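> 3D model of this:
(one chain, ligands or ions: 3)
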Amino acid sequence: MIPSPRKTRAAVHDGTSTALEIRTVEIAPPGPGTVLVRLGASGVCGSDRHVLDGDWQLPSPTVMGHEGAGTVEAVGAGVEDVAAGDHVILSWFYPCRRCTACLSGRSFVCTGSRSEECLLPDGSTALSDAGTQLFPYLSVGSMSEYTVVPESAAIKVPAEVPFDVASLIGCSIATGYGSVVNDAAVQAGQSAVVVGTGGVGLSIIMALNLVGANPIIAVDLSDDKLEAARSFGATHTLKPGDDLAARVQEITGTGADFAFEAIGRVETIESLPWLITAGGKAVLVGLPPQDAPVSIDALALAETGKSLIGSNYGSTVPGRDFPRLAELYLAGKLPVDRLISNRIKLDDVNEAFDAMRRGERARSVIVFD
Ligand SMILES: NC(=O)c1ccc[n+]([C@@H]2O[C@H](COP(=O)([O-])OP(=O)(O)OC[C@H]3O[C@@H](n4cnc5c(N)ncnc54)[C@H](O)[C@@H]3O)[C@@H](O)[C@H]2O)c1
Ligand SMILES: [Zn+2]
Ligand SMILES: [Zn+2]
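Ligands and ions are numbered 1, 2, ... in the order given. From the prediction side, this is the model:
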(Lines give C-alpha, C1' and ligand atoms only; values in the text may rest on other atoms or scores of the structure.)
(Ligands and ions follow the chains in the order given, each with its own letter.)
Protein backbone atom coordinates (compact mmCIF):
# COMPACT_ATOMS: atom_id res chain seq x y z
CA MET A 1 0.00 0.00 0.00
CA ILE A 2 1.26 3.48 -0.86
CA PRO A 3 0.65 5.77 2.10
CA SER A 4 -0.72 9.23 1.43
CA PRO A 5 0.19 12.03 0.85
CA ARG A 6 1.49 12.03 -2.71
CA LYS A 7 1.78 15.84 -2.77
CA THR A 8 3.31 18.39 -0.43
CA ARG A 9 3.57 22.19 -0.35
CA ALA A 10 7.24 23.09 -0.17
CA ALA A 11 9.58 26.10 -0.28
CA VAL A 12 11.78 25.52 -3.34
CA HIS A 13 15.07 27.22 -4.19
CA ASP A 14 15.74 27.17 -7.92
CA GLY A 15 19.50 27.50 -7.43
CA THR A 16 19.77 31.14 -8.51
CA SER A 17 17.04 33.34 -6.99
CA THR A 18 17.44 34.73 -3.47
CA ALA A 19 13.71 34.12 -2.93
CA LEU A 20 11.92 30.81 -2.43
CA GLU A 21 8.89 29.70 -4.40
CA ILE A 22 6.10 27.87 -2.59
CA ARG A 23 5.06 25.00 -4.85
CA THR A 24 2.97 21.86 -4.56
CA VAL A 25 5.33 19.01 -5.44
CA GLU A 26 5.29 15.21 -5.52
CA ILE A 27 6.53 13.04 -2.68
CA ALA A 28 7.25 9.33 -3.00
CA PRO A 29 6.37 6.87 -0.22
CA PRO A 30 9.16 5.94 2.21
CA GLY A 31 11.44 3.22 0.84
CA PRO A 32 13.45 0.73 2.91
CA GLY A 33 15.15 2.34 5.90
CA THR A 34 13.39 5.69 5.46
CA VAL A 35 10.57 7.50 7.20
CA LEU A 36 7.76 9.80 6.01
CA VAL A 37 7.41 12.74 8.41
CA ARG A 38 4.60 15.27 8.59
CA LEU A 39 6.29 18.51 9.67
CA GLY A 40 4.99 20.36 12.70
CA ALA A 41 7.52 23.20 12.52
CA SER A 42 10.68 24.32 10.76
CA GLY A 43 13.10 26.97 11.94
CA VAL A 44 14.60 29.52 9.55
CA CYS A 45 18.37 29.20 10.06
CA GLY A 46 21.30 31.31 8.88
CA SER A 47 22.55 28.29 6.91
CA ASP A 48 19.40 28.34 4.77
CA ARG A 49 20.10 32.02 4.10
CA HIS A 50 23.66 31.23 2.96
CA VAL A 51 22.19 28.91 0.32
CA LEU A 52 19.66 31.49 -0.90
CA ASP A 53 22.35 34.15 -1.10
CA GLY A 54 24.58 31.92 -3.24
CA ASP A 55 27.32 31.51 -0.62
CA TRP A 56 27.49 27.72 -1.09
CA GLN A 57 27.02 25.46 -4.10
CA LEU A 58 24.34 22.81 -3.70
CA PRO A 59 22.38 20.45 -5.92
CA SER A 60 19.23 22.22 -7.08
CA PRO A 61 16.29 22.73 -7.23
CA THR A 62 16.41 22.42 -3.44
CA VAL A 63 13.59 22.09 -0.93
CA MET A 64 14.95 24.29 1.85
CA GLY A 65 14.89 23.85 5.63
CA HIS A 66 17.04 21.65 7.85
CA GLU A 67 15.79 22.56 11.35
CA GLY A 68 12.56 20.58 11.65
CA ALA A 69 10.34 18.42 13.82
CA GLY A 70 7.12 16.56 13.22
CA THR A 71 5.20 13.31 13.42
CA VAL A 72 6.12 10.03 11.76
CA GLU A 73 3.34 9.33 9.27
CA ALA A 74 4.63 6.05 7.80
CA VAL A 75 7.82 3.98 7.81
CA GLY A 76 9.53 2.00 5.05
CA ALA A 77 10.57 -1.65 5.20
CA GLY A 78 13.02 -2.58 7.94
CA VAL A 79 12.59 0.59 10.04
CA GLU A 80 12.77 -0.28 13.73
CA ASP A 81 13.77 2.88 15.60
CA VAL A 82 10.54 4.84 15.08
CA ALA A 83 6.89 4.08 14.31
CA ALA A 84 3.89 5.98 12.94
CA GLY A 85 2.69 8.56 15.45
CA ASP A 86 6.09 9.16 17.08
CA HIS A 87 7.19 12.77 17.50
CA VAL A 88 10.64 13.23 16.00
CA ILE A 89 13.34 15.86 15.62
CA LEU A 90 15.16 15.70 12.31
CA SER A 91 18.95 15.59 12.14
CA TRP A 92 20.70 17.35 9.26
CA PHE A 93 23.71 15.07 9.40
CA TYR A 94 22.57 11.48 9.31
CA PRO A 95 25.23 8.86 10.08
CA CYS A 96 26.00 5.98 7.69
CA ARG A 97 26.47 3.69 10.73
CA ARG A 98 29.25 1.83 8.84
CA CYS A 99 32.35 4.07 8.53
CA THR A 100 35.23 4.05 11.03
CA ALA A 101 33.97 7.26 12.65
CA CYS A 102 30.47 5.83 13.15
CA LEU A 103 31.86 2.54 14.44
CA SER A 104 34.02 4.49 16.94
CA GLY A 105 31.03 6.39 18.33
CA ARG A 106 32.04 9.56 16.49
CA SER A 107 29.13 9.77 14.06
CA PHE A 108 29.47 13.58 13.98
CA VAL A 109 32.51 13.13 11.72
CA CYS A 110 30.91 10.34 9.65
CA THR A 111 32.54 10.02 6.24
CA GLY A 112 29.76 7.95 4.65
CA SER A 113 26.79 10.29 5.14
CA ARG A 114 25.15 11.69 2.02
CA SER A 115 23.46 14.54 3.95
CA GLU A 116 25.61 17.22 2.36
CA GLU A 117 24.75 15.87 -1.11
CA CYS A 118 21.06 16.24 -0.12
CA LEU A 119 20.54 12.55 -0.88
CA LEU A 120 19.10 9.54 0.92
CA PRO A 121 21.61 6.71 1.58
CA ASP A 122 20.67 4.95 -1.69
CA GLY A 123 21.37 8.11 -3.71
CA SER A 124 17.72 8.98 -4.34
CA THR A 125 15.38 11.69 -3.06
CA ALA A 126 11.66 11.36 -2.43
CA LEU A 127 10.72 14.79 -3.82
CA SER A 128 10.10 15.76 -7.43
CA ASP A 129 8.22 18.31 -9.46
CA ALA A 130 6.77 17.41 -12.88
CA GLY A 131 9.47 14.79 -13.39
CA THR A 132 12.37 16.95 -12.11
CA GLN A 133 14.18 15.60 -9.06
CA LEU A 134 14.19 17.95 -6.05
CA PHE A 135 16.91 17.86 -3.39
CA PRO A 136 15.91 18.26 0.27
CA TYR A 137 18.48 20.56 1.87
CA LEU A 138 20.88 18.44 3.96
CA SER A 139 18.54 15.53 3.28
CA VAL A 140 15.94 17.16 5.55
CA GLY A 141 13.91 19.65 3.48
CA SER A 142 11.83 20.76 6.47
CA MET A 143 10.23 23.77 4.73
CA SER A 144 7.66 21.34 3.37
CA GLU A 145 4.48 19.85 4.81
CA TYR A 146 5.98 16.36 4.41
CA THR A 147 9.45 14.96 3.90
CA VAL A 148 11.17 11.56 3.73
CA VAL A 149 14.38 11.11 5.75
CA PRO A 150 16.61 8.18 6.66
CA GLU A 151 15.60 6.37 9.84
CA SER A 152 18.84 7.54 11.48
CA ALA A 153 17.80 11.19 10.93
CA ALA A 154 14.48 10.92 12.81
CA ILE A 155 15.00 10.98 16.57
CA LYS A 156 12.04 10.27 18.84
CA VAL A 157 11.40 12.84 21.59
CA PRO A 158 8.63 13.17 24.18
CA ALA A 159 5.33 14.34 22.68
CA GLU A 160 5.06 17.05 25.39
CA VAL A 161 7.76 19.08 23.61
CA PRO A 162 5.95 21.50 21.24
CA PHE A 163 7.02 21.21 17.60
CA ASP A 164 8.28 24.81 17.40
CA VAL A 165 10.66 24.14 20.31
CA ALA A 166 11.59 20.70 18.97
CA SER A 167 12.46 22.12 15.55
CA LEU A 168 15.04 24.48 17.08
CA ILE A 169 16.64 21.60 18.99
CA GLY A 170 17.28 20.16 15.52
CA CYS A 171 19.82 22.84 14.58
CA SER A 172 20.47 26.06 16.49
CA ILE A 173 20.09 24.61 19.98
CA ALA A 174 22.03 21.39 19.27
CA THR A 175 24.74 23.41 17.51
CA GLY A 176 25.01 26.01 20.26
CA TYR A 177 24.85 23.56 23.16
CA GLY A 178 27.17 21.09 21.44
CA SER A 179 29.76 23.76 20.64
CA VAL A 180 29.88 24.68 24.34
CA VAL A 181 29.57 21.21 25.92
CA ASN A 182 30.97 18.77 23.33
CA ASP A 183 33.56 20.87 21.47
CA ALA A 184 34.81 23.57 23.85
CA ALA A 185 34.00 21.64 27.07
CA VAL A 186 33.46 24.93 28.97
CA GLN A 187 33.54 24.62 32.75
CA ALA A 188 31.75 26.63 35.42
CA GLY A 189 33.49 29.94 36.09
CA GLN A 190 35.33 30.08 32.77
CA SER A 191 34.85 33.20 30.65
CA ALA A 192 33.44 33.35 27.13
CA VAL A 193 32.71 35.87 24.42
CA VAL A 194 30.12 35.18 21.72
CA VAL A 195 30.42 37.24 18.54
CA GLY A 196 27.06 37.28 16.76
CA THR A 197 23.95 36.60 18.79
CA GLY A 198 21.32 35.50 16.28
CA GLY A 199 19.57 32.15 16.69
CA VAL A 200 22.82 30.20 16.98
CA GLY A 201 24.72 32.75 19.09
CA LEU A 202 21.81 33.02 21.54
CA SER A 203 21.77 29.21 21.76
CA ILE A 204 25.47 29.32 22.63
CA ILE A 205 24.73 31.87 25.37
CA MET A 206 21.91 29.70 26.73
CA ALA A 207 24.33 26.76 26.96
CA LEU A 208 27.11 28.89 28.51
CA ASN A 209 24.62 30.01 31.14
CA LEU A 210 23.56 26.40 31.76
CA VAL A 211 27.14 25.24 32.41
CA GLY A 212 27.90 28.26 34.63
CA ALA A 213 30.33 30.19 32.44
CA ASN A 214 31.20 33.62 33.83
CA PRO A 215 31.50 36.30 32.57
CA ILE A 216 29.54 35.78 29.34
CA ILE A 217 30.12 38.61 26.86
CA ALA A 218 27.74 39.03 23.91
CA VAL A 219 28.72 41.01 20.80
CA ASP A 220 26.22 42.02 18.09
CA LEU A 221 25.29 45.02 15.96
CA SER A 222 21.65 44.86 17.03
CA ASP A 223 20.38 46.28 20.33
CA ASP A 224 17.44 43.84 20.30
CA LYS A 225 19.77 40.87 19.96
CA LEU A 226 21.95 42.16 22.79
CA GLU A 227 18.88 42.58 24.99
CA ALA A 228 17.89 38.99 24.16
CA ALA A 229 21.46 37.89 24.98
CA ARG A 230 21.14 39.46 28.45
CA SER A 231 17.86 37.64 28.99
CA PHE A 232 19.62 34.33 28.22
CA GLY A 233 22.47 34.99 30.66
CA ALA A 234 25.00 37.34 29.04
CA THR A 235 26.64 39.40 31.78
CA HIS A 236 28.07 42.02 29.40
CA THR A 237 27.05 43.24 25.96
CA LEU A 238 29.26 45.00 23.42
CA LYS A 239 28.92 46.45 19.95
CA PRO A 240 31.65 45.44 17.48
CA GLY A 241 34.43 47.95 17.02
CA ASP A 242 38.15 48.37 16.77
CA ASP A 243 38.66 48.19 20.50
CA LEU A 244 36.72 44.93 20.98
CA ALA A 245 39.80 42.98 22.10
CA ALA A 246 40.68 45.71 24.63
CA ARG A 247 37.15 45.77 26.00
CA VAL A 248 37.04 41.98 26.35
CA GLN A 249 40.41 42.16 28.13
CA GLU A 250 39.10 44.82 30.54
CA ILE A 251 36.16 42.59 31.48
CA THR A 252 38.07 39.29 31.74
CA GLY A 253 41.50 40.47 32.94
CA THR A 254 43.67 38.69 30.34
CA GLY A 255 41.21 37.80 27.55
CA ALA A 256 38.39 35.26 27.48
CA ASP A 257 38.94 31.54 27.99
CA PHE A 258 36.70 30.93 24.96
CA ALA A 259 35.52 32.95 21.98
CA PHE A 260 32.72 31.73 19.71
CA GLU A 261 32.01 33.19 16.27
CA ALA A 262 28.38 32.70 15.22
CA ILE A 263 28.02 34.94 12.16
CA GLY A 264 30.16 33.40 9.40
CA ARG A 265 32.09 36.56 8.45
CA VAL A 266 35.76 36.40 7.52
CA GLU A 267 36.63 39.57 9.49
CA THR A 268 34.99 38.45 12.73
CA ILE A 269 36.55 34.99 12.43
CA GLU A 270 39.96 36.64 12.04
CA SER A 271 39.34 38.69 15.20
CA LEU A 272 38.69 35.64 17.42
CA PRO A 273 42.27 34.74 18.45
CA TRP A 274 42.73 38.33 19.72
CA LEU A 275 39.79 37.97 22.11
CA ILE A 276 41.14 34.95 24.02
CA THR A 277 43.76 34.56 26.70
CA ALA A 278 46.92 32.42 26.32
CA GLY A 279 45.81 28.78 26.15
CA GLY A 280 42.27 29.85 25.24
CA LYS A 281 40.08 28.35 22.58
CA ALA A 282 38.49 30.08 19.59
CA VAL A 283 35.50 28.14 18.31
CA LEU A 284 34.28 28.51 14.73
CA VAL A 285 30.52 27.97 14.60
CA GLY A 286 29.51 30.57 11.99
CA LEU A 287 30.09 29.34 8.45
CA PRO A 288 31.65 31.71 5.90
CA PRO A 289 30.93 31.60 2.17
CA GLN A 290 32.73 28.94 0.12
CA ASP A 291 36.25 29.90 -1.04
CA ALA A 292 36.65 32.69 1.51
CA PRO A 293 39.90 31.87 3.34
CA VAL A 294 40.73 33.62 6.61
CA SER A 295 44.14 34.80 7.68
CA ILE A 296 45.49 33.96 11.11
CA ASP A 297 48.70 35.10 12.84
CA ALA A 298 50.06 31.56 13.22
CA LEU A 299 53.17 32.61 15.17
CA ALA A 300 51.11 34.45 17.80
CA LEU A 301 48.64 31.56 17.96
CA ALA A 302 51.37 28.94 18.46
CA GLU A 303 53.45 31.02 20.89
CA THR A 304 50.46 31.62 23.14
CA GLY A 305 49.18 28.03 22.97
CA LYS A 306 45.80 29.05 21.63
CA SER A 307 43.54 26.64 19.75
CA LEU A 308 41.22 27.20 16.86
CA ILE A 309 38.39 24.65 16.80
CA GLY A 310 35.99 23.95 13.95
CA SER A 311 32.56 23.11 15.31
CA ASN A 312 30.12 21.32 13.00
CA TYR A 313 26.64 20.69 14.47
CA GLY A 314 28.32 20.97 17.89
CA SER A 315 29.60 17.39 17.40
CA THR A 316 26.05 16.37 18.21
CA VAL A 317 25.13 12.71 18.53
CA PRO A 318 21.44 13.19 17.75
CA GLY A 319 20.19 9.99 19.40
CA ARG A 320 21.93 11.00 22.63
CA ASP A 321 21.66 14.79 22.53
CA PHE A 322 18.16 15.54 21.12
CA PRO A 323 16.33 13.66 23.91
CA ARG A 324 18.71 15.23 26.46
CA LEU A 325 17.99 18.74 25.16
CA ALA A 326 14.25 18.00 25.09
CA GLU A 327 14.42 16.93 28.75
CA LEU A 328 16.42 20.05 29.68
CA TYR A 329 13.67 22.13 28.06
CA LEU A 330 10.90 20.22 29.86
CA ALA A 331 12.78 20.65 33.14
CA GLY A 332 12.81 24.42 32.63
CA LYS A 333 16.61 24.56 32.36
CA LEU A 334 16.85 25.51 28.67
CA PRO A 335 14.33 28.21 27.68
CA VAL A 336 14.22 27.24 23.99
CA ASP A 337 10.69 28.67 23.59
CA ARG A 338 11.99 32.18 24.32
CA LEU A 339 14.28 31.97 21.30
CA ILE A 340 11.24 31.98 19.01
CA SER A 341 10.64 35.60 18.02
CA ASN A 342 8.17 34.98 15.18
CA ARG A 343 5.81 32.11 14.36
CA ILE A 344 5.05 32.28 10.65
CA LYS A 345 3.30 30.44 7.82
CA LEU A 346 5.21 28.69 5.05
CA ASP A 347 4.02 31.40 2.64
CA ASP A 348 5.76 34.09 4.71
CA VAL A 349 9.21 32.50 4.61
CA ASN A 350 10.76 35.08 2.25
CA GLU A 351 9.88 37.88 4.68
CA ALA A 352 11.67 35.95 7.42
CA PHE A 353 14.86 35.74 5.32
CA ASP A 354 14.66 39.47 4.54
CA ALA A 355 14.36 40.23 8.26
CA MET A 356 17.36 37.96 8.94
CA ARG A 357 19.41 39.81 6.31
CA ARG A 358 18.62 43.06 8.18
CA GLY A 359 19.86 41.44 11.43
CA GLU A 360 16.31 41.35 12.85
CA ARG A 361 14.49 38.53 14.71
CA ALA A 362 16.09 35.98 17.07
CA ARG A 363 14.45 33.02 15.30
CA SER A 364 11.51 32.76 12.91
CA VAL A 365 9.78 29.39 13.00
CA ILE A 366 7.39 28.12 10.33
CA VAL A 367 4.43 26.42 11.99
CA PHE A 368 2.44 23.96 9.84
CA ASP A 369 -1.33 23.48 10.28
N1 LIG B 1 28.60 25.14 12.59
C2 LIG B 1 27.37 24.70 12.47
O3 LIG B 1 27.12 23.51 12.58
C4 LIG B 1 26.26 25.66 12.21
C5 LIG B 1 24.93 25.33 12.46
C6 LIG B 1 23.95 26.29 12.25
C7 LIG B 1 24.28 27.54 11.76
N8 LIG B 1 25.58 27.81 11.52
C9 LIG B 1 26.02 29.13 11.04
O10 LIG B 1 25.96 30.05 12.11
C11 LIG B 1 25.85 31.37 11.58
C12 LIG B 1 24.74 32.12 12.30
O13 LIG B 1 23.48 31.53 12.06
P14 LIG B 1 22.16 32.17 12.69
O15 LIG B 1 21.04 31.28 12.30
O16 LIG B 1 22.37 32.50 14.11
O17 LIG B 1 22.07 33.51 11.83
P18 LIG B 1 21.43 34.93 12.27
O19 LIG B 1 21.34 35.72 11.02
O20 LIG B 1 20.21 34.68 13.08
O21 LIG B 1 22.53 35.57 13.26
C22 LIG B 1 23.64 36.31 12.84
C23 LIG B 1 23.83 37.43 13.84
O24 LIG B 1 25.06 38.09 13.55
C25 LIG B 1 24.86 39.49 13.76
N26 LIG B 1 25.90 40.20 13.01
C27 LIG B 1 25.99 40.39 11.67
N28 LIG B 1 27.11 41.06 11.36
C29 LIG B 1 27.75 41.30 12.53
C30 LIG B 1 28.98 41.94 12.87
N31 LIG B 1 29.77 42.47 11.96
N32 LIG B 1 29.33 41.97 14.19
C33 LIG B 1 28.53 41.44 15.14
N34 LIG B 1 27.36 40.84 14.87
C35 LIG B 1 26.98 40.77 13.58
C36 LIG B 1 23.44 39.75 13.30
O37 LIG B 1 22.93 40.95 13.87
C38 LIG B 1 22.73 38.49 13.82
O39 LIG B 1 22.23 38.70 15.13
C40 LIG B 1 25.63 31.18 10.06
O41 LIG B 1 26.86 31.34 9.40
C42 LIG B 1 25.15 29.76 9.96
O43 LIG B 1 25.41 29.19 8.71
C44 LIG B 1 26.57 26.93 11.74
ZN1 LIG C 1 20.90 25.44 10.88
ZN1 LIG D 1 29.56 6.95 9.10
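> check contacts around residue 110.
Counting by CB atoms under 8 Å, 6 or more residues apart in numbering, residue 110 makes contact with 93, 95-96, 99, 101-102. No exception for glycine: its C-beta is placed from N, CA and C like everyone else's.
> got a markdown table for those, with secondary structure too?
Output for these, formatted as a markdown table (DSSP: H, G, I helix; E, B strand; the rest coil):
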| residue | secondary structure |
| --- | --- |
| 93 | coil |
| 95 | coil |
| 96 | coil |
| 99 | coil |
| 101 | helix |
| 102 | helix |
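> which one among those residues gets closest to residue 344?
Each of the contacts of residue 110 was checked against residue 344 using CB to CB; the closest is residue 93, at 25.5 Å.
> surely that closest one meets residue 115?
Yes. The criterion here is CB atoms under 8 Å, and residue 93 meets it with residue 115 at 4.9 Å.
> so those two - more neighbours on which side?
Just comparing residue 93 and residue 115: by other CB atoms under 10 Å the higher neighbour count belongs to residue 115, 25 against 22.
> quick revisit: now for residue 93 and residue 115: what residues contact both?
Taking CB under 8 Å, 6+ apart as the criterion, residue 93 and residue 115 both touch residue 138.
> contacting residues around the nearest residue to residue 96 once chain neighbours are set aside?
Residue nearest to residue 96 in three dimensions, not counting chain neighbours: residue 112, with 3.0 Å by CB to CB, 6 or more residues apart in numbering. Taking CB under 8 Å, 6+ apart, we find residue 112 in contact with 95-96, 98-99, 102.
> quick one: buried ones out of those?
Among these, those scoring as buried are 95-96, 99, 102 (criterion: 16 or more other CB atoms under 10 Å).
> ok, now which ones touch the residue in the stretch 51-200 of the chain positioned nearest to ligand 2?
Closest approach between the stretch 51-200 of the chain and ligand 2, counting by CB to the ion: residue 171, at 3.3 Å. Going by CB under 8 Å, 6+ apart, residue 171 touches 43, 45, 47, 66-67, 92, 313.
> picking that back up, can you put the buried ones among the contacts of residue 112 in TSV and add pLDDT?
Output for those, formatted as TSV (pLDDT from 0 to 100):
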residue	pLDDT
95	95
96	94
99	97
102	96
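> ok, and of those residues, which contact ligand 2?
Among those, proximity to ligand 2 is found for none (CB under 5 Å from the ion).
> I'd guessed residue 248 sits against residue 257; true?
No. Using CB under 8 Å, residue 248 is not in contact with residue 257, being 11.0 Å away.
> quick revisit: what is the nearest of the contacts of residue 110 to ligand 1?
Comparing the contacts of residue 110 against ligand 1 with CB to the nearest ligand atom places residue 93 closest, at 8.5 Å.
> in terms of helices and strands, where is residue 294?
Using DSSP states H and E, residue 294 falls within no helix or strand.
> over to the one 5 residues further on?
According to DSSP H and E, residue 299 maps onto helix 298-303.
> first-to-last residue distance for stretch 56-76?
Start-to-end span of stretch 56-76 (CA to CA, to the nearest Å) is 32 Å.
> cool, stretch 121-138 as well?
With CA to CA as the measure, stretch 121-138 spans 12 Å from end to end.
> helices along this protein, start to end?
Here the chain has its helices, by DSSP state H, at 46-52, 100-103, 163-168, 174-178, 199-211, 223-231, 244-252, 266-271, 298-303, 318-330, 349-357.
> and the closest residue to residue 224 other than its chain neighbours, how far from residue 64?
Nearest residue to residue 224 in three dimensions, chain neighbours excluded: residue 360, at 7.2 Å (CB to CB, 6+ apart). Computed as CB to CB, to the nearest Å, the residue 360 to residue 64 distance reads 19 Å.
> of those two, which one has the most company?
Using other CB under 10 Å as the criterion, residue 360 and residue 64 rank with residue 64 on top: 29 against 16.
> the more buried one contacts residue 147, correct?
No. Using CB under 8 Å, residue 64 is not in contact with residue 147; the gap is 11.2 Å.
> which neighbours do these two share?
By CB under 8 Å, 6+ apart, residue 64 and residue 147 have these common neighbours: residue 141.
> residue in the stretch 151-300 of the chain with the shortest distance to ligand 1?
Closest point on the stretch 151-300 of the chain to ligand 1, by CB to the nearest ligand atom, is residue 198, at 1.8 Å.
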